[in-house]
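In: using only what follows, build the 3D model:
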Amino acid sequence: MQAPSTEELYWLEMALTPGWSPRRLRRMTEGKESLTAALSQRLAASARTEKEKEEKAQLERILRQGPEKAEALWTACQKEKIGILTPASEAYPRLLRTLPDSPPALYYKGNPHILKNRCMAVVGSRRCTTYGAQAARVIAGVLSAAGITIVSGLARGIDRCGHEGALQNGGDTAAVLGCGIDICYPPEHRRLKEQILEQGLLLTEFPPGTAAKAAHFPMRNRIISGLCEGVIVVEAGERSGSLITADMALEQGRDVYCVPGSFFSPANRGGHKLLQQGAALLAGPEDLAVFGGGGPKEEKKEKEGHWLLQAVAEFGSTPEELCLATGRSPEEIQQAVTFLQIERKIRVGADQRIMKAQEL
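Out: Next comes the predicted model:
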């Protein structure tokens, strides 16, 4: 890891200084050439109220003593192989820079360069149904195969399935945490967290050692949506936290997509409300073509299609028959079916038999 610049250290110092929210820092630096220049200008301004005087004394101390807290934390993080990004860092995510409350510091482990790809968020209920879990895995698998980075929050349910769908396809995935990067929450996702670290990215705005708290998750959600060009809600109840992510996405000018579910299931009421409010409908696997391709995983997508086409019998096959014929799992069969539906090479009949397109 490179040694930090002075500007990076000052960003981190301000992130560690109580009273300076991300939105406040963004307003203060708007139109300024650097944070250091903004601090000096703020210090030169007259202070009339007690609050302004207290703030001025705080800035005087920071500029006089230098970013001491930041230097100590940066050194400690380097020992633990934890990277730090600030708005002064070249690798700071491009889309996050556009937010009015962009994080002044991000802590990470893994490969931050996967955020230079197109990114899509896959979010939904922690208490997802079997249908929702399958949909999330297929969506994440298809998009990651097209070179799109899948972003989610490492939570139970749909978040987990989104990460797994990308990992199972050899794709890139980023988990945004609502705690310090050294904390595993929920604890049962320790192995998943390790897998993401091996081929993806762990990211948080909370310093190491910060426990997971309820107030942290809405803050985390704005980063999930802020990193992405769009958010896909797979399942969401009426009070699902994923609805907060969707609302933040709309405020940030991002696209929101929603997967429909059962008319009778409470797990879909929040998602259906999003559709009523104008979210784009993802009615089936073929709708994923709207996200396009052209990414580094295009060759893999074609390869997936070849083995399935060869396995489909002359008059069609059921998913169970394809599992027996190929030795593949139901999830692998479903992902391959989805790829080929998008390519319009196969169709799924009313009896669920999978057939080559020209046979229908």
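In: secondary structure class for residue 128?
Out: Of the three states, residue 128 takes coil under DSSP: H, G, I helix; E, B strand; the rest coil.
In: how far away is it from residue 24?
Out: From residue 128 over to residue 24 the distance is 37 Å, taken as Cβ to Cβ, to the nearest Å. The way it works is simple: take the backbone N, C-alpha and C, and place the C-beta from them, glycine included.
In: these two: which is more packed in?
Out: residue 128 (24 against 13; other Cβ atoms under 10 Å).
In: any idea how far the nearest residue to the more buried one once chain neighbours are set aside lies from residue 357?
Out: Setting aside the residues directly before and after it, residue 128 is nearest to residue 157 in space (Cβ to Cβ, 6 or more residues apart in numbering), at 4.1 Å. According to Cβ to Cβ, residue 157 and residue 357 sit 34 Å apart.
In: which one of those two has more residues nearby?
Out: residue 157 (22 against 12).
In: now the end-to-end length of stretch 151-165.
Out: 11 Å (Cα to Cα, to the nearest Å).
In: centre of the chain versus that stretch, how much separation?
Out: 9 Å (Cα atoms, centre = their mean, to the nearest Å).
In: so where's the chain uncertain?
Out: 1, 293-306, 314-315, 342-343, 350, 358-360 (pLDDT under 70).
In: strands of that one, start to end?
Out: 83-85, 106-110, 119-123, 149-152, 173-176, 201-204, 230-233, 255-258, 280-281, 346-348, 354-356 (DSSP state E).
In: just put the ones you listed in CSV and tack on distance to residue 310 and mean neighbour count.
Out: CSV is the format used below for the strands of the chain (distance: least, Cβ to Cβ, whole Å; neighbours: other Cβ atoms under 10 Å):
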stretch, distance to residue 310, mean neighbour count
strand 83-85, 44, 22
strand 106-110, 36, 22
strand 119-123, 30, 29
strand 149-152, 28, 30
strand 173-176, 29, 28
strand 201-204, 36, 24
strand 230-233, 31, 26
strand 255-258, 32, 23
strand 280-281, 33, 14
strand 346-348, 12, 20
strand 354-356, 11, 19
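In: reformat those as TSV; add distance to residue 54.
Out: Formatted as TSV, the strands of the chain follow (distance: least, Cβ to Cβ, whole Å):
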stretch	distance to residue 54
strand 83-85	28
strand 106-110	28
strand 119-123	39
strand 149-152	38
strand 173-176	33
strand 201-204	29
strand 230-233	39
strand 255-258	41
strand 280-281	48
strand 346-348	66
strand 354-356	69
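In: which one of the ones you listed lies nearest to residue 43?
Out: Comparing these against residue 43 with Cβ to Cβ, the closest turns out to be strand 83-85 (24.8 Å).
In: and the gap between the residue in the chain sticking out farthest from the centre and residue 56?
Out: Distance from the C-alpha centroid of the chain peaks at residue 48, with 43.2 Å (Cα atoms, centre = their mean). Per Cβ to Cβ, residue 48 is found 10 Å from residue 56.
In: and residue 120, by the same measure?
Out: With Cβ to Cβ as the criterion, residue 120 and residue 56 are 44 Å apart.
In: same check, this time on residue 224
Out: Residue 224 is 36 Å from residue 56, by Cβ to Cβ.
In: more crowded one of those two?
Out: Using other Cβ under 10 Å, the more surrounded residue of residue 224 and residue 56 is residue 224, with 27 against 16.
In: spatially central residue in the chain, please.
Out: Centre-most residue of the chain, counting by Cα atoms, centre = their mean: residue 151, 2.1 Å.
In: and that residue, what is it in contact with?
Out: By Cβ atoms under 8 Å, 6 or more residues apart in numbering, the residues touching residue 151 are 119-122, 173-176, 224, 227-228.
In: does residue 69 touch residue 14 like I think?
Out: No - using Cβ atoms under 8 Å as the test, residue 69 is too far from residue 14 to be in contact (10.0 Å).
In: those two: which has the busier surroundings?
Out: A count of neighbours by other Cβ under 10 Å puts residue 14 above the other of residue 69 and residue 14, at 25 against 17.
In: once you drop chain neighbours, what's closest to residue 273?
Out: residue 238 (7.5 Å).
In: which phi and psi does the one you found have?
Out: As for residue 238, its main-chain torsions (degrees, to the nearest 10) stand at phi -60, psi -30.
In: that one against residue 269, yeah?
Out: Yes - shown here, residue 238 and residue 269 form a contact pair, counting by Cβ under 8 Å, at 4.8 Å.
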